[in-house]
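In: Sequence and predicted model, in that order:
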Amino acid sequence: MFEFLKKSRSSDPAATDDPATPAEIAGEPRAHHFTFSQVVVPQVAWRDPMTFFGGIKMDRERFINYLLDVNRDINQKNRDPFRMHAEALAIKTTVIRPWPCILIQMPEPLFVGESYMIALVLLADPKAEERDIDPEKGPGIALFNLDRDQEGTLVSQWRGETRKVHQPGPPPTEERFLHWIAATLADRRG
């Protein structure tokens, strides 16, 4: 079935969500923070958007722990003392008309390149039946990262492998970020 339904290994007693000091990581983004928002979430979502959205809806805690396990596996050789836990992430489902959206609030970014939030928008007709979705193309998904930048924020907008950077980005609040995405997607339609 779904791999994320397997028993989670997220009870790592060595894991901590205490931020590392700048001296420990020399001003570079924390590996676990960076790879979760820039690699793990995008890759899993693009591979199978419907499973990603379904995993969040059906068993949010287990699915998030699966993503965190993937993140730990990627960072296994990294000496980054920072570790993320499901409790450190705030996940919200919403709608950016007419599309379903998942908003993931990350632990506070300490360094340039770390994300405040990730938003995933399923660009499929919400009334379409699964059988109506082209199996070759699958449903479209747009992913937005609101990242810390030297001057404030920037937004990385992803559609597949294509990245568009919007600078400056909106203030790092849920409301402003979602409004910014809605306006960007409205421009796409209009």
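Out: All right, it came through fine. Numbering: from 1, shown residues only.

In: Excluding covalently adjacent residues, which one is nearest to the most centrally placed residue in the chain?
Out: Among the residues of the chain, the one closest to the centroid is residue 118, at 4.1 Å (CA atoms, centre = their mean). Leaving aside its sequence neighbours, residue 118 sits nearest to residue 104 (CB to CB, 6 or more residues apart in numbering; 4.4 Å). From N, CA and C alone the C-beta is placed, and that goes for glycine too.

In: ok, back up a step: can I get whichever strand or helix holds the residue nearest to the centre of the chain as CSV, trimmed to CA atoms?
Out: Using DSSP states H and E, residue 118 sits in strand 115-123. What follows is strand 115-123, C-alpha atoms only, in CSV (Å, rounded to 0.1, in the frame of the first residue of the first chain):
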residue,chain,number,x,y,z
SER,A,115,11.6,28.5,4.8
TYR,A,116,8.9,30.1,6.9
MET,A,117,6.2,28.3,5.1
ILE,A,118,5.4,25.9,2.2
ALA,A,119,2.1,26.0,0.3
LEU,A,120,1.0,23.2,-2.1
VAL,A,121,-1.9,23.9,-4.4
LEU,A,122,-3.6,21.1,-6.2
LEU,A,123,-4.4,22.6,-9.6
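
In: what does it contact?
Out: 33-34, 37-38, 41, 45, 49-50, 52-53, 96, 99-106, 108-109, 139-148, 153, 172, 174, 177-178, 181, 185 (CB atoms under 8 Å, 6 or more residues apart in numbering).

In: Distance check, residue 46 against residue 90.
Out: Separation of residue 46 from residue 90 (CB to CB, to the nearest Å) stands at 22 Å.

In: So these two - more neighbours on which side?
Out: Taking neighbours as other CB atoms under 10 Å, residue 46 and residue 90 compare with residue 46 leading, 17 against 12.

In: was I right about the more buried one contacting residue 141?
Out: Yes: between residue 46 and residue 141 there is a contact under CB atoms under 8 Å: 6.4 Å.

In: Mind listing the shared neighbours of the two?
Out: Joint contacts of residue 46 and residue 141 (CB under 8 Å, 6+ apart) do not exist.

In: Where does pLDDT dip in this protein?
Out: 1-26, 125-139, 188-190 (pLDDT under 70).

In: So what pairs up with the residue nearest to residue 171 when sequence neighbours are not counted in the strands?
Out: Using CB to CB, 6+ apart and skipping residues adjacent in sequence, the residue nearest residue 171 is residue 153, 7.0 Å away. Judged by DSSP bridges, the bridge partners of residue 153 are residue 148.
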